[in-house]
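K.L.:
Structure, please.
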Amino acid sequence: MDDFVLFDSDKARIFAHKEAIIDFAESRLALQLHPHKTHIGLAGDGISFLGYRVLPAGLLVRGKALRRFRKKLARPAPLEDKVRMFLSYKGHISHVINHEALSVNLAKTAFAKEGYFQG
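P.N.:
From the prediction side, this is the model:
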């Protein structure tokens, strides 16, 4: 994995860490950080990271990811494939604040038309 997040309450220390990370990535790994994908901001504003919205209060699923999940689950597919997909998405959302409600919502999307979901 090449994505990471660094939190600190001291802005000067963050910039020092950023420089150290750039030096390490370039000298030891022959990698460069993408200038437009590196962001320094306030933790309270939250960040989008790996399909989640990371906030001080916890994680949320990004709207774009949730729309993609729903779209794929709504497509016709054999029940076994839909169950596999649903369980994969349920694993992804299990880390977020409102995961129970999202699980029910995704189950309705995946299985209600076929009569497998009642609730």
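
K.L.:
which residues sit against the helix or strand hosting residue 105?
P.N.:
In this assignment (DSSP states H and E), residue 105 forms part of helix 99-111. Contacts to helix 99-111, defined as C-beta atoms under 8 Å, 6 or more residues apart in numbering, come from residues 61, 66, 69-70, 73-74, 82, 85-86, 89-90, 93-94, 96, 117, 119. Where C-beta positions appear, they are placed from N, C-alpha and C, glycine not excepted.

K.L.:
try stretch 10-22
P.N.:
Contacts for stretch 10-22 (C-beta under 8 Å, 6+ apart): 6, 8, 32, 33, 38, 40.

K.L.:
mind checking the SS state of the first one?
P.N.:
Put plainly, it is residue 6. Under DSSP: H, G, I helix; E, B strand; the rest coil, residue 6 falls in the coil class.

K.L.:
how many other residues sit next to it?
P.N.:
When counting by other C-beta atoms under 10 Å, one arrives at 10 neighbours for residue 6.

K.L.:
So, low pLDDT: which residues of this structure?
P.N.:
1, 117-119 (pLDDT under 70).
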